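[1] Predicted model, plus sequence, below.
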Amino acid sequence: MVLVPILLVIGLAGVTTVEVTGKSLTDHAISVVKGQDCRMARVFKHGDVCQPESSVTISSPDETTIVRTGGNSVQNMEDMFEQRKQSTKK
């Protein structure tokens, strides 16, 4: 009976991860191992499961910043939005 709570926690963690990052726990694990942006859902779209990590360039009058996305994309996107907010305040 201990197995049920463990499976419930793993299931909730998986759902939360997909909702927050758009990638499953398996996708994150494969991405770390391969060093690329991997999503198993791409199989259904007849695409490559793994793709090179992309980058986003943020330009403002004072600076240009390149933010890598991929493995830790949620934190990078938060950083990007914060940088954008700071540059519009100037």
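    Done, it's in.
[2] and this protein, what are its domains?
    3-51, 55-89 (automatic domain parsing).
[3] First-to-last residue distance for the first one?
    Domain 3-51 has an end-to-end distance of 36 Å (criterion: CA to CA, to the nearest Å).
[4] so how far is residue 78 from residue 32?
    Distance, residue 32 to residue 78, by CB to CB, to the nearest Å: 20 Å. (Glycine included, C-beta is placed from N, CA and C.)
[5] Give me the number of neighbouring residues for the residue lying closest to residue 24 once chain neighbours are set aside.
    Leaving aside its sequence neighbours, residue 24 sits nearest to residue 18 (CB to CB, 6 or more residues apart in numbering; 5.5 Å). Residues near residue 18, counting by other CB atoms under 10 Å, number 14.
[6] Give me the pLDDT value at residue 18.
    If you check residue 18, the pLDDT there is 85.
[7] burial count for residue 79?
    By other CB under 10 Å, neighbour count at residue 79 equals 14.
[8] That one is in what secondary structure piece?
    helix 73-89 (DSSP states H and E).
[9] just residue 18 next, same as before
    helix 3-21.
[10] Test my guess that residue 39 contacts residue 49.
    Yes - Residue 39 lies in contact with residue 49 (CB atoms under 8 Å); the separation is 6.8 Å.
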